[in-house]
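[1] heads up, no residue letters with this:
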């Protein structure tokens, strides 16, 4: 009997995760005005990193 409840919970949990991911996907699609794709991500990361000022390394004398 407990195995039946465990399987039911797994199924329920998986369905909830799918629903949440679908909702997040719809939200994200509405917030992508420039139409970025997954292939654009590495270039965008590189662009943001190049705009940030680099921190200087701290030297210790001991």
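    Great, that's in hand. Owing to the predicted nature of the structure, the values given are computational and were not obtained by experimental measurement. Numbering: from 1, shown residues only.

[2] could you point out the longest helix in this structure?
    Using DSSP state H to define each element, the chain has its longest helix at helix 2-30.

[3] Please report how far residue 30 lies from residue 52.
    Distance check for residue 30 against residue 52: by C-beta to C-beta, to the nearest Å, it reads 28 Å. To be clear about C-beta, it is placed using only N, CA and C from the backbone, and glycine gets the same treatment.

[4] Check residue 27 too.
    For residue 27, the distance to residue 52 - C-beta to C-beta - is 27 Å.

[5] Determine how far the last residue of stretch 26-46 lies from the first.
    26 Å (C-alpha to C-alpha, to the nearest Å).

[6] Now find how far off-centre that stretch is within its chain.
    12 Å (C-alpha atoms, centre = their mean, to the nearest Å).

[7] any weak-confidence spans in this structure?
    Low-confidence segments of the chain (pLDDT under 70): 62.

[8] Swap in 80 and give it another go.
    52-62 (pLDDT under 80).

[9] which parts of the strand or helix carrying residue 49 are buried?
    Using DSSP states H and E, residue 49 sits in helix 41-51. By neighbour count with 16 or more other C-beta atoms under 10 Å, helix 41-51 contains no buried residues.

[10] Can you name every helix or strand that it contacts?
    Here helix 41-51 touches no other helix or strand, going by 3 or more C-beta pairs under 8 Å, 6 or more residues apart in numbering; DSSP states H and E.

[11] For it, which outside residues touch it?
    residue 36 (C-beta atoms under 8 Å, 6 or more residues apart in numbering).

[12] let's go with 10 Å and repeat that
    Contact with helix 41-51 is made by 36, 40, as judged by C-beta atoms under 10 Å, 6 or more residues apart in numbering.

[13] ok, now stretch 3-20?
    Counting by C-beta under 10 Å, 6+ apart, no residue sits against stretch 3-20.

[14] what about that stretch, distance to the chain center?
    Counting by C-alpha atoms, centre = their mean, stretch 3-20 comes out at 22 Å from the chain centroid.

[15] Now do the buried residues in it.
    Applying 16+ other C-beta under 10 Å to stretch 3-20 flags no residue as buried.
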